[in-house]
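Asker: Would you be able to build a 3D model of this:
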Amino acid sequence: MTILLFLAASTLGAQERVGQESPRVERLTFRGVDAVAENELRQSIVTEETRCRGLIVRPFCWATDWDTFVDKHYLDRQELSRDELRVRVFYFRRGYREAEVATELRPRGRGVEVVFSVDEGAPTLIEALRVRQTAAVLSDRQLRRTGIPREGQPLDLVRLDTSLINLRETLGERGYLDALLQDSVDVDRTARMARVEITVDPRHRATVGDLEIRGNEQVADRTIRDALLLEEGRVLRTRDIVASQRSLYESNLFHEARVEVPEQPDSAKRLQVTVREAPPRSARVGAGFNTVEFVQTEGRFTHYNWLGRGRRLNLRGTVGNLLASQLNGSGIFRDMTPGEFSAVDEAAFLRPTWLASAELQQPAFRAASNTLGFSVFAHRRIVPAIVIDRGVGA
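Answerer: Residues are numbered from 1 along each chain as shown. Below you'll find the predicted structure:
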C-alpha cells in the first residue's frame, strides 16, 4: 500500500509540473535533426534550457540551485508555439520546405523537458543554376569562391544570400562599387526542383575623386591625406577604403575615423573622411622592484604629431639599481658584487643603471604605405657580479 501511494504521488507531481503555466525548462531536446546543425537550430528559437553558468562553478550547481550559479529558464507557452514556426522557417530557408515539427513536454527534475520532434522531409534541390554577367569581369573560379550553391544541392536561401554578399565584395575589390546584383528563384513544388539565376551588372569602375575631410581641428588636412591609401584618379577598391581607415586609427591621432563613399551616380567618387581627434601627446611613468635591480623607475613620452605631418616622437628613460647600497644582500635581494677576492671596485656595481632613448618615425614617407624611422640610445647596464656595460648607438 505504501509503495502504491508513493507512485501515485510521484505521478501527480509530474503531471502538476507539466500542467504549470511556466515550469522550469530542465532540458531542450531535438529529435530527427540530421540535415542541419543542431546548435544553429537552437539559436533560432526563444526557448532555452536551464544550465550551469560555467564550468568552474559546476560543483556548486550540483550542490545548490542558487541563481548565482544556475542560469534558469522557464517555459513560455506562447513562445513555444512560435518556436515551432521558427523551426519550420529555419528549415524552409535551407531548402527543406516540407519540414514538420511538433513539441512535447515531459516531466524532468524540478521542471520539464521540451522535446522538438522534427520530420525534415525531402529537400527542394537546385536543378539549374546560371550566373549571367552583362560584362565578363569575373572568371568561373572567382565566382565559385563566392560560395554560390551548386546544381544538385538543396535550395539554401541563407547560403544564396551569403554568396551574393561575397559576390558584391569581390566586385568591390575590383573597383565595381556600383554593381547591380539580382537573383531569381523559380520553384517547381511538385517535382521539388528549383531553377536559380543570378544577374551581375558590374556597370562602371569607380575611381577616387575629391576628398572631403570633417572633424579635424589641430591635425592638418595634409596629414590626413598622407595617411590615406587613396590617390585621385586611381581605381577605388574596397580594400583601399578599409586600409585607409585602419591607417588613420593606427596614427593614434584620432578616437574615431570613418572613410565613406556617399551614394552618387558618377564613377569618380567623392569620399568623406570624418574624424574625432585624440590628444596628440601621452605620458606614462612607473616604478617597481626585483631581486636583481632593486628599485627601478621608468618614464615614457610620445608625441603623435610632432612638428606636424603625423611625425611620431617616442622618448623613454629608465633608472634602476636604486637603493642598491642599502638593499644589496639583504632579505630577498641578491648580492650583486663580485666578492672580496675580486680586484674590481664593488661600489661600481651598486651605482644606478639607466637607459635613455629617442625614436622618430615619419609615416607616409614618399608613399602612404612607407614609414621612415630613426632612433638613438645610450645606457649603463650591469650583469650581476660580472661586468658593467656602457653603450651608445643609433
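
Asker: Which stretches in the stretch 101-250 of the chain count as strands?
Answerer: 111-119, 125-133, 180-188, 193-201, 207-214 (DSSP state E, counting those that start in this stretch).

Asker: average pLDDT for the second one?
Answerer: Spelled out, that is strand 125-133. In this model, strand 125-133 has a mean pLDDT of 96.

Asker: Could you list every helix and strand in contact with it?
Answerer: Applying 3 or more C-beta pairs under 8 Å, 6 or more residues apart in numbering; DSSP states H and E, one finds that strand 125-133 contacts strand 193-201. C-beta here means a position set from N, CA and C on the backbone, and glycine is covered the same way.

Asker: Show me how far the strand it packs on is from its chain's centre.
Answerer: Here strand 193-201 is found 33 Å from its chain centre; the criterion is C-alpha atoms, centre = their mean, to the nearest Å.

Asker: and it, which residues are buried?
Answerer: By neighbour count, and taking 16 or more other C-beta atoms under 10 Å as the criterion, the buried residues in strand 193-201 are A194, R195, V196, I198, V200.

Asker: what does that strand contact?
Answerer: Residues from elsewhere that reach strand 193-201 (C-beta atoms under 8 Å, 6 or more residues apart in numbering): 124-135, 137-138, 148-149, 155, 160, 164, 167, 171, 179-188.

Asker: Buried by neighbour count, from those: which ones?
Answerer: With burial judged by 16+ other C-beta under 10 Å, the buried subset of the contacts of strand 193-201 is 124-127, 129, 131, 137-138, 148-149, 155, 160, 164, 167, 171, 179, 183.

Asker: picking that back up, and the strands of the stretch 101-250 of the chain: which comes nearest L75?
Answerer: With C-beta to C-beta, the closest approach to L75 among the strands of the stretch 101-250 of the chain belongs to strand 111-119: 6.5 Å.

Asker: The closest one - contacts with which helices or strands?
Answerer: Secondary-structure packing of strand 111-119 (3+ C-beta pairs under 8 Å, 6+ apart): helix 2-19, strand 25-31, helix 77-93, strand 100-108.

Asker: What pairs with it, parallel or antiparallel?
Answerer: The pairing partners recorded for strand 111-119 under DSSP bridges are strand 25-31 (parallel), strand 100-108 (antiparallel).

Asker: May I see those strands organised as a markdown table, with mean pLDDT and distance to D76 added?
Answerer: Shown next, in a markdown table, are the strands paired with strand 111-119 (pLDDT from 0 to 100; distance: least, C-beta to C-beta, whole Å):
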| stretch | mean pLDDT | distance to D76 |
| --- | --- | --- |
| strand 25-31 | 96 | 9 |
| strand 100-108 | 96 | 12 |
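
Asker: Select, out of these, the one closest to L327.
Answerer: Nearest to L327 among those is strand 25-31; the distance by C-beta to C-beta comes to 61.4 Å.

Asker: So for F254, what's the nearest residue that isn't a sequence neighbour?
Answerer: Distance criterion C-beta to C-beta, 6 or more residues apart in numbering; nearest residue to F254, sequence neighbours excluded, is V275 at 4.7 Å.

Asker: what does R309 give?
Answerer: Closest to R309 by C-beta to C-beta, 6+ apart is T223, at 5.5 Å.

Asker: who's in contact with the one you found?
Answerer: Contacts of T223 by C-beta under 8 Å, 6+ apart are L253, N305, G308, R309, G310.

Asker: Now do it, the pLDDT please.
Answerer: With respect to pLDDT, T223 has a value of 93.

Asker: for the one 3 residues further on, same thing?
Answerer: For D226, the model assigns a pLDDT of 91.

Asker: and if you look at the one 4 residues further on?
Answerer: In the prediction, the pLDDT value recorded for L230 is 90.

Asker: Please name the spatially closest residue to D221 (chain neighbours excluded).
Answerer: Leaving aside its sequence neighbours, D221 sits nearest to I213 (C-beta to C-beta, 6+ apart; 5.2 Å).

Asker: Excluding sequence neighbours, find me the nearest residue to S375.
Answerer: Spatial nearest neighbour of S375, excluding adjacent residues (C-beta to C-beta, 6+ apart): E359 at 3.9 Å.

Asker: who touches the helix or strand where that neighbour lies?
Answerer: Element membership of E359, judged by DSSP states H and E, is strand 353-363. The contact list for strand 353-363 (C-beta under 8 Å, 6+ apart) reads 226-227, 251, 293, 306, 309-321, 370-382.
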